[in-house]
Every structure is written in structure tokens, then in C-alpha cells.
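S.K.: Prediction below, plus the sequence it came from.
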Amino acid sequence: MNDDLSESALEAKLAEVRQDHADLDAAIQALSATPLPDMLLIARLKRKKLKLKDEIAGIEDQLNPDIIA
């Protein structure tokens, strides 16, 4: 995915994706608190948030690869 990025670029991307994840979480909580929450929109945001979580895990794996000795 991001094999050609330097470590500092990966860390910057990780910070950006984590912020997007946190923003989505806040949006989902705000939508859920409304009197008539849009469940379809909330479901879409949750799927997007899950994709970001997977992307975070992928970047973390690139930054901290498991070395089998």
C-alpha cells in the first residue's frame, strides 16, 4: 500500500488517519444524540470509520514490522 513512503511520511499519514477516525467518531456520536438519528448515515460513517481503523493498523504494521527471529 504505502511501501515507498519514508518513516516520517508514514507517521504523518498515521496522525492524519487517526484524526479522521476521531472526527468520524465525534460525528457519529453527535448524530446518534439527535432526536431522530439518520441510521443510514450513521451506518455509512461507521463503515468508513472501520476502513480507517484498518488503514491505521496497516500503517502501524509498516512502522513496526513483526520480525521473526
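M.R.: Thanks, I have it.

S.K.: Tell me how far the closest residue to residue 5 other than its chain neighbours lies from residue 37.
M.R.: Spatial nearest neighbour of residue 5, chain neighbours left out: residue 13 (6.9 Å); criterion: C-beta to C-beta, 6 or more residues apart in numbering. (C-beta placed from N, C-alpha, C; glycine too.) Here the criterion is C-beta to C-beta, to the nearest Å. By it, residue 13 lies 31 Å from residue 37.

S.K.: what about the two, which has more around it?
M.R.: More crowded of residue 13 and residue 37, by other C-beta atoms under 10 Å: residue 13, with 17 against 13.

S.K.: sec struct for the more buried one, please.
M.R.: Under DSSP: H, G, I helix; E, B strand; the rest coil, residue 13 falls in the helix class.

S.K.: Quick check, it in contact with residue 58.
M.R.: No: in this structure, residue 13 is not within contact of residue 58 by C-beta atoms under 8 Å, at 10.2 Å.

S.K.: Please, which helix or strand holds the most centrally placed residue in the chain?
M.R.: Against the mean C-alpha coordinate of the chain, by C-alpha atoms, centre = their mean, the closest residue is residue 52 at 2.6 Å. Using DSSP states H and E, residue 52 falls within helix 39-63.

S.K.: got the buried residues for that helix?
M.R.: 42, 45, 49, 52, 55-56, 59, 62 (16 or more other C-beta atoms under 10 Å).
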